[in-house]
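Asks: Just a sequence and a predicted model for now, questions to come.
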Amino acid sequence: MAYDPDNVFARIIRGELPSDRVYEDEDFLAFRDISPAAPVHIIIVPRRERVTSTADLTDADAPWAGRMLVLASRIAREQGVEAGGYRLLLNCGADGGQTVPHLHLHLLGGRALRGFG
């Protein structure tokens, strides 16, 4: 999957498309999914271009990729789903269910989630 600089998440990052933002800083943007799969469904994206999926990550990306996980935990706490539990989901490639060619992390919670061990 090649990176498309006009993918929907890049356009949201640039402010070309509206989003219900719950967090942003110089490295990340987090916003509510427009078609939520759970009561809380937030997408966390790095502001970095050219990172299509986890398959593109290298050892040099470990510091910011780790911060993305820590940020997800913080957002889960702020959204009130930490105590009951939540799911973090990273899709990688077409067979992994990825539809947008920009690395992104789904934070899902607010109800019991089934289907994965």
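Replies: Done, it's in. Residues are numbered from 1 along each chain as shown.

Asks: residue boundaries of the strands in this structure?
Replies: 21-24, 28-32, 40-46, 86-89, 105-109 (DSSP state E).

Asks: In TSV, list those strands along with distance to G80 and mean neighbour count.
Replies: To be clear about C-beta, it is placed using only N, CA and C from the backbone, and glycine gets the same treatment. Putting those into TSV (distance: least, Cβ to Cβ, whole Å; neighbours: other Cβ atoms under 10 Å) gives the following:
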stretch	distance to G80	mean neighbour count
strand 21-24	12	15
strand 28-32	14	20
strand 40-46	8	22
strand 86-89	10	17
strand 105-109	8	22
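
Asks: For D4, which of those strands is the nearest?
Replies: Using Cβ to Cβ as the measure, strand 40-46 is the one of the strands of the chain that comes nearest D4, at 13.8 Å.

Asks: Quick one, which of the strands of the chain gets closest to Y3.
Replies: strand 40-46 (12.3 Å).

Asks: need the strands of the chain in a markdown table with distance to P63 and mean pLDDT, can you?
Replies: Below are the strands of the chain laid out as a markdown table (distance: least, Cβ to Cβ, whole Å; pLDDT from 0 to 100):
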| stretch | distance to P63 | mean pLDDT |
| --- | --- | --- |
| strand 21-24 | 18 | 98 |
| strand 28-32 | 13 | 98 |
| strand 40-46 | 12 | 98 |
| strand 86-89 | 18 | 97 |
| strand 105-109 | 16 | 98 |
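
Asks: would CSV of these with distance to P5 be doable?
Replies: Converted to CSV, those look like this (distance: least, Cβ to Cβ, whole Å):
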stretch, distance to P5
strand 21-24, 19
strand 28-32, 16
strand 40-46, 14
strand 86-89, 24
strand 105-109, 20
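
Asks: and I12, which of these is closest to it?
Replies: strand 28-32 (6.6 Å).
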